[in-house]
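Student: Got a sequence here, can you model it:
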Amino acid sequence: MAQALLRFLDAQYVSLDAVQHKFVAGIGAIFGHGNVTGIGEALATQKHSLHFIQGHNEQGLAHAAIGFAKQKRRLSFYAVTTSIGPGALNLTTAAGTATANRIPLLLLPGDIFASRQPDPVLQQIEQSYDYTISANDAFRPLCKYWDRIIRPEQLMSAALHAFRVLSDPAETGAVVLSLPQDTQGEAYDYPEDFFAPRIHRIDRIVPTKDQLQELMKYIQAARYPLLICGGGIKYSFAEEAFLRFAESFDIPFAETQAGKGSILWDHALNLGGIGVTGTNVANVIAKKADLIIAVGTRMGDFTTASRWMFQNPSCQFVSININRFDTYKMNAFSCVGDARETLLRMIDMNSYRPQYQSTYKREKEQWNKEVDRLYTLQTSDTSTVLYQTAVLGALNEDLLSNDAVVVASAGSLPGDLQRLWRSRSKDSYHVEYAFSCMGYEIAGAMGVKLAQPDREVYAMVGDGSFVMLHSELLTCARMGVKIVILLFDNHGFQCIDNLQTSQGIASFGNQWWKNGDEKSYQIVDFAAIARAYGVHASTVHSMQELKESLEQAKASQHAYLVHINVLAKSMSDSYESWWRVGTAQVSSSDAVSKADRKMREETERAREF
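Tutor: Purely as a prediction, here's the structure:
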């Protein structure tokens, strides 16, 4: 069965706009009992063209697969196989990350014996009320398709349904095929047709004429429209169509994390990031807007500022998306259709100009000055520690090539990047923020490098995320995958400390104090950790040292880590935004009670649905 699965995977293709792409690029694995004698045997002995990666942490390996698929715009991906029990469960975080981001990820965890003859097998979880349950049932709420293959002939229907979901841009996410370890090795006379090359066609859905006409009515009735550029713009290859639409209608646009970089930062209509981690100009205009045209976005709470951002009582919403589920959010007019095809058809119907160009142009000029200010902040002793925003400025303006890809996911860095980073080339901005998964950064960057080996790839990671998951540094060292890790060390979980203290709670449990001493941080030699893995590394305290280290990193043929000491709390602050969090409605702290009253007041200003 495992041999049949491997042969099937090797013969799958997707086609978009009549161009075929090999869908399964390879398989990553960490072997153990439950997969080493099944799918492991197939990988070791069968002829195939799949690239093999030996990982060092199941979650990290799957995050690398996500980074690869995201950078490939979902046209190619890696599968991941693991042992049973803890090996399989280590994939659950990555499954959530893939599904939240709508990224295809095929997981092939080993499972307990279908025959039950040796039960309970090592690492088996037993439930007395349901003997069919195993650890792999934990994936059910995390994936878009789940199946357990307890007979070898079931592989055929399971595999077809798995690829139905993986290749569907509206439904894609994590897919789990649970593989009992005895079933993997059982023989079956599969029909040859099962192994024939199969092309999964990605069709561009076109809205009906009625939908387009209704959409045009919304636009024509608006005085202050605003476009939102979501990640669907990239996956639809709709950048040119989106820009033509915005220019034709002269409507400014703001970007989600997934959509950022679709259009270069300095375009006159580009207002930058929107929402909780958005720019001042985008959020000011969003508050005034009377029409939001959301294209290819799931409208998460960071984009909508917990549905508080859009303060104009007359504001209406239109959502263009291939996923019907997403189009109903914010009580929007639902336009189900491919981003590129929908926007191109709308351009031909245009007879409209908005009335507030001077407003957003003036606000954008002011915002550019604010970014320049944040990029040049200095500490009192620049030879010891640096401002985080100033480091980003140096990287963005001087030290990284315009074509370099930056990868981030969690902590304060995604906020700084969405607000401040100036994207200057296609596919250069890669931030996972639907799940904001700590530990994604290094593994995700490895996947990006595998997807685009000719580009410089930089993982921007905080010290908190680095400590959580850095095992794929060893994978990079072993495989010769060159990424550069830019580690921003601010001695703790400062992003969450900011959230904590902003709600009236005294700083607690987020600073990395040494032995409880609130004057002394625990110092970690992150460069030494990297070197122990075989990765080149340096530690910097000044801009000059940063420049020298980046020159060394660029010249190196190996993965390289730059440990950067940054001042705690030197990230950017919020601009004209709000985020709803669960505050304590009863507290012995007056500051907490005050914060709760403020939270409730702002909640009253937010939309209910």
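
Student: My read is that residue 212 contacts residue 345, right?
Tutor: Yes: in this structure, residue 212 is within contact of residue 345 by Cβ atoms under 8 Å, at 5.7 Å. From N, CA and C alone the C-beta is placed, and that goes for glycine too.

Student: Give me the buried stretch members for stretch 242-252, please.
Tutor: 242-243, 245-246, 248-252 (16 or more other Cβ atoms under 10 Å).

Student: what does it contact?
Tutor: For stretch 242-252, contacts defined as Cβ atoms under 8 Å, 6 or more residues apart in numbering pick out 219, 225-227, 229, 233, 253, 262-263, 267, 269-271, 285, 293, 295, 339, 343-344, 346-347, 350, 352-354, 357, 360.

Student: Stretch 272-280 too?
Tutor: Contacts for stretch 272-280 (Cβ under 8 Å, 6+ apart): 228, 254-257, 260, 265, 271, 281-283, 286, 301-306, 309, 363, 366-367, 370, 414-415, 418-419, 574-579.

Student: any idea how far it is from the chain center?
Tutor: Stretch 272-280 sits 17 Å away from the centroid of its parent chain (Cα atoms, centre = their mean, to the nearest Å).

Student: going forward can the numbers begin at 53, since that is how I track them
Tutor: Right, with 53 as the first residue, what we last looked at is stretch 324-332.

Student: Could you pull up the mean pLDDT of that stretch?
Tutor: Averaged over stretch 324-332, pLDDT sits at 98.

Student: so how far is the first residue of it from its last?
Tutor: Criterion Cα to Cα, to the nearest Å; first-to-last residue distance in stretch 324-332 is 9 Å.

Student: Quick one, which of the contacts of stretch 294-304 are buried?
Tutor: In those, burial by neighbour count holds for 271, 277-279, 281, 285, 305, 314-315, 321-323, 337, 345, 347, 391, 395-396, 398, 406, 412, counting by 16+ other Cβ under 10 Å.

Student: Can you list which of these are found in helices?
Tutor: 271, 285, 337, 391, 395-396, 398, 412 (DSSP state H).

Student: which of the residues in stretch 70-90 are buried?
Tutor: Buried positions in stretch 70-90, judged by neighbour count with 16+ other Cβ under 10 Å: 73-90.

Student: That one spans what distance, first to last residue?
Tutor: Stretch 70-90 has an end-to-end distance of 36 Å (criterion: Cα to Cα).

Student: residues in contact with residue 478?
Tutor: By Cβ under 8 Å, 6+ apart, the contact list for residue 478 reads 291, 313.

Student: Isn't residue 266 up against residue 385?
Tutor: Yes: at 6.6 Å, residue 266 counts as touching residue 385 under the criterion of Cβ under 8 Å.

Student: Relative to residue 271, how far out is the nearest residue to residue 341 once chain neighbours are set aside?
Tutor: Leaving aside its chain neighbours, residue 341 sits nearest to residue 278 (4.1 Å; criterion: Cβ to Cβ, 6 or more residues apart in numbering). Distance, residue 278 to residue 271, by Cβ to Cβ, to the nearest Å: 11 Å.

Student: so what's in contact with the two at the same time?
Tutor: Residues touching both residue 278 and residue 271 (Cβ under 8 Å, 6+ apart) are 343, 345.

Student: quick one: pLDDT of residue 407?
Tutor: Listed pLDDT for residue 407 reads 69.

Student: any idea where the strands of the stretch 203-352 of the chain begin and end?
Tutor: In the stretch 203-352 of the chain, the strands defined using DSSP state E, counting those that start in this stretch lie at 226-232, 250-253, 277-281, 305-307, 322-325, 343-347.

Student: quick one: low-confidence parts of the chain?
Tutor: Applying pLDDT under 70 to the chain flags the ranges 407.

Student: In it, which residue is most central in space?
Tutor: residue 484 (1.9 Å; Cα atoms, centre = their mean).

Student: For the closest residue to it other than its chain neighbours, what are phi and psi?
Tutor: Distances taken as Cβ to Cβ, 6+ apart put residue 461 closest to residue 484, at 4.4 Å, once the chain neighbours are dropped. Note on residue 461: backbone dihedrals following degrees, to the nearest 10 are phi -160, psi -50.

Student: what's the spacing between residue 536 and residue 610?
Tutor: 10 Å.

Student: Comparing these two, which residue is more hemmed in?
Tutor: Per other Cβ atoms under 10 Å, whichever of residue 536 and residue 610 has more neighbours is residue 536, with 24 against 14.

Student: number of nearby residues for the residue nearest to residue 151 when sequence neighbours are not counted?
Tutor: Nearest in space to residue 151, with sequence neighbours left out and distances taken as Cβ to Cβ, 6+ apart, is residue 225 at 3.6 Å. Counted with other Cβ under 10 Å, residues neighbouring residue 225 total 22.

Student: How about residue 97?
Tutor: Applying other Cβ under 10 Å, we find 9 residues neighbouring residue 97.

Student: can you check residue 168 too?
Tutor: Residue 168: 14 surrounding residues under other Cβ under 10 Å.

Student: Give the helix, strand or coil label for it.
Tutor: When classified by DSSP: H, G, I helix; E, B strand; the rest coil, residue 168 comes out as coil.

Student: That one and residue 190: what is the separation?
Tutor: In terms of Cβ to Cβ, residue 168 sits 20 Å off from residue 190.

Student: where along the stretch 353-502 of the chain do the strands fall?
Tutor: Assigned by DSSP E, counting those that start in this stretch, the strands in the stretch 353-502 of the chain fall at 368-373, 385-388, 457-460, 481-483.

Student: would you list these in JSON lines and tack on mean neighbour count and distance to residue 221?
Tutor: Formatted as JSON lines, the strands of the stretch 353-502 of the chain follow (neighbours: other Cβ atoms under 10 Å; distance: least, Cβ to Cβ, whole Å):
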{"stretch": "strand 368-373", "mean neighbour count": "25", "distance to residue 221": "10"}
{"stretch": "strand 385-388", "mean neighbour count": "20", "distance to residue 221": "12"}
{"stretch": "strand 457-460", "mean neighbour count": "28", "distance to residue 221": "22"}
{"stretch": "strand 481-483", "mean neighbour count": "27", "distance to residue 221": "19"}
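
Student: Nearest to residue 561, out of the ones you listed?
Tutor: Nearest to residue 561, of all the strands of the stretch 353-502 of the chain, is strand 457-460, at 23.7 Å by Cβ to Cβ.
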